[in-house]
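**Student:** Build the 3D model from these lines:
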Amino acid sequence: MGIRIDLLENLAPKARNYIGESIGLIIKNKIDLLSLIIFGSVAKGEYQPDLSDVDIIFVINDKTSKKDKTYISRELTKLEYKHTFRKKNGSIVDTVYKRAEDMTGMYVSHFVCYRKEFHAAKFSKVFNVNLLLCKLFAPTDVVWASVVKSATTLWGENLLEKASLAEVRRSQIKKSKVMNLALCTAALLTYIFHPHATKYAMEAVKWSLQTCYFSYTLEPATTTKTVQFFLQKGYDNPLLENLLDLRKCYRRSLRFILKSFKVVSNLHKKTLRENQFPKKIY
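**Tutor:** I've put the predicted structure just below:
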């Protein structure tokens, strides 16, 4: 399949330019790219230039050497800096924060994986995140299903229609709650030192909304739609609207961080109470 020009044209210039240069980099280095997949806000039509990253999965041939895979991933990281999806580390503290974000896949725009890893839904391999953290805290089955169902093949083989999806189980919702409460805690502990600490709490609320929404509907949605969904279901918390405002115009907010704990907890409690598990995904 050729590149979807129609999709590229509808993207914001910053995202479009990054994707274009990424493809050029792959071609220049003669990497055997099988499929280029976009997901997240850029695929859902909710891309925010000053806040969103561009989520792209580069699926490469299984015969590609690990050396080439590592090299191309590093080069793609350089492009993230060039297009300001990443900020250069200004101190040792910034480096520590960035390393922690990389380990969890936060604010990372590209993921390079082998076809066999994508086909087997090996979450830690596809998204290059810490395996132990995945097993202990991440609701990988729900996140994977949401990614696959929201994603679009921009170029190459359509691997999405063959992707394996697990059932949504109660344990996944509980993991999501623990993970996002931990993220809220990280936001609180780093608020004084880190200018973007509020974004951690924002991510925690956003991820909670998306996981819980998916558990109800078995479909992904934009953050705006998930907020509307829970407002309609009677969960009328001002912090949800506040999240949308901060996504449009970011500013530090200790109040948001402090209130995020209760919102994250209540969203998951409501989801566990009002749904029957396991749920099979079609």
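
**Student:** And Cys113, its phi and psi?
**Tutor:** When read as degrees, to the nearest 10, the backbone of Cys113 gives phi -140, psi 160.

**Student:** thought it was touching Val129?
**Tutor:** No. Shown here, Cys113 and Val129 do not form a contact pair, counting by C-beta atoms under 8 Å, at 11.5 Å. Quick note: C-beta positions are derived from backbone N, CA and C, even for glycine.

**Student:** what about the strands in the stretch 51-200 of the chain?
**Tutor:** With DSSP state E, counting those that start in this stretch, the ranges of strands along the stretch 51-200 of the chain come out as 55-60, 110-114, 152-156.

**Student:** So what angle separates the directions of the first one and strand 110-114?
**Tutor:** Using axes from the mean of the first three to the mean of the last three C-alpha atoms, to 10 degrees, the inter-axis angle of strand 55-60 relative to strand 110-114 is 30 degrees.

**Student:** most packed of the strands of the stretch 51-200 of the chain?
**Tutor:** Of these, the one with the most neighbours on average (mean count of other C-beta atoms under 10 Å) is strand 55-60, at a mean of 23.

**Student:** tell me the angle of that strand relative to strand 152-156?
**Tutor:** Using the same axes, to 10 degrees: strand 55-60 against strand 152-156 is 40 degrees.

**Student:** Need the strands of the stretch 51-200 of the chain in JSON lines (columns: distance to Pro195 and mean pLDDT).
**Tutor:** As requested, the strands of the stretch 51-200 of the chain are exported to JSON lines (distance: least, C-beta to C-beta, whole Å; pLDDT from 0 to 100):
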{"stretch": "strand 55-60", "distance to Pro195": "23", "mean pLDDT": "94"}
{"stretch": "strand 110-114", "distance to Pro195": "24", "mean pLDDT": "95"}
{"stretch": "strand 152-156", "distance to Pro195": "33", "mean pLDDT": "91"}
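
**Student:** In TSV: those strands, plus distance to Phe229.
**Tutor:** Output for these, formatted as TSV (distance: least, C-beta to C-beta, whole Å):
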stretch	distance to Phe229
strand 55-60	22
strand 110-114	28
strand 152-156	22
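
**Student:** Quick check: which of those strands is nearest to Glu274?
**Tutor:** Each of the strands of the stretch 51-200 of the chain has some distance to Glu274 by C-beta to C-beta; the shortest is strand 55-60, at 29.2 Å.

**Student:** helices and strands around the closest one, which ones?
**Tutor:** For strand 55-60, the helices and strands in contact under the criterion 3 or more C-beta pairs under 8 Å, 6 or more residues apart in numbering; DSSP states H and E are helix 13-28, strand 33-39, helix 41-44, helix 66-82, strand 110-114, helix 115-119.

**Student:** In the stretch 151-282 of the chain, mark out all the helices, start to finish.
**Tutor:** Secondary structure of the stretch 151-282 of the chain (DSSP state H, counting those that start in this stretch): helices located at 170-190, 197-217, 223-232, 238-248, 254-274.

**Student:** before we move on, the earlier item: Ser260 is nearest to which of the strands of the stretch 51-200 of the chain?
**Tutor:** Counting by C-beta to C-beta, Ser260 lies closest to strand 55-60 out of the strands of the stretch 51-200 of the chain; the figure is 22.6 Å.
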